[in-house]
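J.: Fold the stuff below for me.
(one chain, ligands or ions: 1)
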Amino acid sequence: MAHPTTRTFHVLLVGAALSLAAFGIATAQPAVENQPALDVPFVPTPQETVDRILSMAKVTDSDYLIDLGSGDGRIPITAAKKFGTKGMGVDLNPVRIAESNAAAKEAGVTDKVEFKQGDLFEQDISKATVLTMYLLPDVNMKLRPKIWSDLKPGTRIVSHAFSMGDWTPEATTTGPSGGNMVYLWIVPDPKVGPKGVTR
Ligand SMILES: C[S@@+](CC[C@H](N)C(=O)[O-])C[C@H]1O[C@@H](n2cnc3c(N)ncnc32)[C@H](O)[C@@H]1O
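T.: Here you go, the predicted structure:
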């Protein structure tokens with residue numbers, strides 16, 4: 001099945017989130033039979049953007065990358081294949097986990113990456129040196145305290161499309177057509193605190 005372009009996804013998703021929020025309706029995707037209720041629908045990051053995410057994070061074979069809401073696993077799999085990076089993807093949808101395991105096998109990186117079915121809010125992310133995500137603004141905001149408390153200072157956080165409120169990114173980039181914005185943050189020393197955030 002063809003997916004909408006990511007630009008369309010952003011517009012639709014933010015529009016939908018705003019209008020649902022305006023009516024006081026939760027933005028989680030309702031559970032359908034035998035499938036969990038998702039906080040974000042599956043829309044894959046285009047390969048150009050995956051490559052840019054990994055380049056902004058400067059991933060190496062010494063990193064451990066976690067993709068929260070990992071979809072078909074393309075971010076950890078690309079990192080493992082191109083840079084030898086170890087890592088993990090977490091997705092609530094078992095169909096995505098099955099696709100990711102098949103893709104990892106196909107790419108020959110099952111010794112480097114693993115995929116776990118579970119809720120992204122409940123994962124132990126403390127091992128990550130790079131955390132990637134393509135979620136939604138409210139999900140990013142809900143994750144911020146966990147990012148600041150559970151990750152080591154210096155960990156790189158890279159988000160496709162969505163910011164994290166007033167936390168000032170270290171860098172942003174866009175794709176060749178000006179879309180697919182990517183944000184990079186570095187987890188700060190707790191004594192210094194996150195740039196731009198007044199707490
Ligand atoms: C926009 S897709 C991003 C996929 C992938 N990270 C990428 O960039 O190509 C978001 C993914 O988050 C997953 N997801 C949604 N809510 C989740 C939750 N609470 N816990 C774990 N995964 C979730 C969806 O199943 C979907 O695969």
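J.: Around the ligand, pick out the residues from the chain.
T.: Residues of the chain lying close to the ligand (C-beta under 6 Å from any ligand atom) are 38-40, 42-45, 67, 69-71, 74-75, 90-93, 96, 119-120, 134, 160. Where C-beta positions appear, they are placed from N, C-alpha and C, glycine not excepted.
J.: What subset of those is buried?
T.: Buried members of these, counted by 16 or more other C-beta atoms under 10 Å: 38-40, 42-45, 67, 69-71, 74-75, 90-93, 96, 120, 134, 160.
J.: Among the residues of the chain next to the ligand, which ones are in helices?
T.: Under the assignment DSSP state H, the residues of the chain next to the ligand contribute R74, I75, R96 to helices.
J.: Which parts of the chain are strands?
T.: 64-68, 86-91, 113-117, 130-133, 156-160, 171-173, 182-186 (DSSP state E).
J.: Serialize those strands to TSV and add fields for distance to R52.
T.: TSV is the format used below for those (distance: least, C-beta to C-beta, whole Å):
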stretch	distance to R52
strand 64-68	15
strand 86-91	17
strand 113-117	20
strand 130-133	11
strand 156-160	9
strand 171-173	6
strand 182-186	6
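J.: could the ones you listed be laid out in TSV, adding mean pLDDT?
T.: Formatted as TSV, these follow (pLDDT from 0 to 100):
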stretch	mean pLDDT
strand 64-68	99
strand 86-91	98
strand 113-117	98
strand 130-133	99
strand 156-160	98
strand 171-173	98
strand 182-186	98
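J.: circling back to that earlier point, can you convert the ones in helices among the residues of the chain next to the ligand into a markdown table and add a column each for pLDDT?
T.: Formatted as a markdown table, those follow (pLDDT from 0 to 100):
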| residue | pLDDT |
| --- | --- |
| R74 | 98 |
| I75 | 99 |
| R96 | 98 |
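J.: hang on, isn't G175 packed against D51?
T.: No. Taking contacts as C-beta atoms under 8 Å, G175 lies outside contact range of D51: 10.1 Å.
J.: what number of residues lie near the nearest residue to A171 once chain neighbours are set aside?
T.: Take A171 and drop its neighbours on the chain: the residue closest to it by C-beta to C-beta, 6 or more residues apart in numbering is L184, 4.5 Å away. Using other C-beta atoms under 10 Å, L184 has 17 neighbouring residues.
J.: distance of the most centrally placed residue in the chain from E106?
T.: Central residue of the chain (C-alpha atoms, centre = their mean): M133, 0.9 Å from the mean position. As for M133, its distance to E106 is 24 Å (criterion: C-beta to C-beta, to the nearest Å).
J.: repeat for Q117
T.: For Q117, the distance to E106 - C-beta to C-beta - is 20 Å.
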